[in-house]
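sequence unknown, structure follows:
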């Protein structure tokens, strides 16, 4: 085959470091737009970006020319620099070192998009920690609890 083609839907979740600095509601929409631009800069396609005060969910179509780790690194590095320009309360802002990324089947694309759209509602009932553990269990990802919550 002379042409390389792909359509990889990926759901990415990453968290604020230390829980000491929260993403203010008034900055979220602009942050998500900025993250969308970073995704586009990496030849990928943002579908939906949303979250709450301590973490972000991204659903995107990943470029065939970038590794997931590199895409997340670019998003986190640039967005943490950007948010520091939004006020002194963000001067020590950082993302946690890790992230979680899942492939998303076309058959559950709409369900995943809806889940991300409704983050505030979900987190009225479920903590980030519980959500994260549910995803790990659902996708059968092995982990060491000792390292899971370290920054």
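Thanks, I have the structure now. What you see is a predicted model, and the numbers here were worked out from it, not measured in a lab.

drop to CA atoms for contacts and neighbour counts, all remaining ones
OK.

any weak-confidence spans in this protein?
1, 151 (pLDDT under 70).

Would you map the strands across it?
Taking DSSP state E as the criterion, the chain contains strands spanning 8-15, 45-52, 55-62, 100-104.

Out of those strands, which is closest to residue 94?
Taking C-alpha to C-alpha, strand 8-15 is the member of the strands of the chain nearest to residue 94, at 9.0 Å.

Pull the residues that contact that closest one.
Defining contact as C-alpha atoms under 8 Å, 6 or more residues apart in numbering, one finds that strand 8-15 is touched by 54-63, 95-96, 98-106, 109, 112.

List buried members of the residues you listed by neighbour count.
By neighbour count, with 16 or more other C-alpha atoms under 10 Å, the contacts of strand 8-15 hold 54-63, 95-96, 98, 100-102, 104, 109, 112 as buried.

Tell me which stretches of the chain form helices.
For the chain, helices defined by DSSP state H occupy the ranges 25-41, 68-83, 109-117, 119-125, 128-138, 145-148.

May I see these organised as a markdown table, with distance to residue 11 added?
Listed next are the helices of the chain as a markdown table, based on distance: least, C-alpha to C-alpha, whole Å:
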| stretch | distance to residue 11 |
| --- | --- |
| helix 25-41 | 13 |
| helix 68-83 | 10 |
| helix 109-117 | 8 |
| helix 119-125 | 14 |
| helix 128-138 | 11 |
| helix 145-148 | 19 |
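
and of the ones you listed, who's closest to residue 4?
Among those, helix 68-83 sits nearest to residue 4 (C-alpha to C-alpha), with 17.6 Å.
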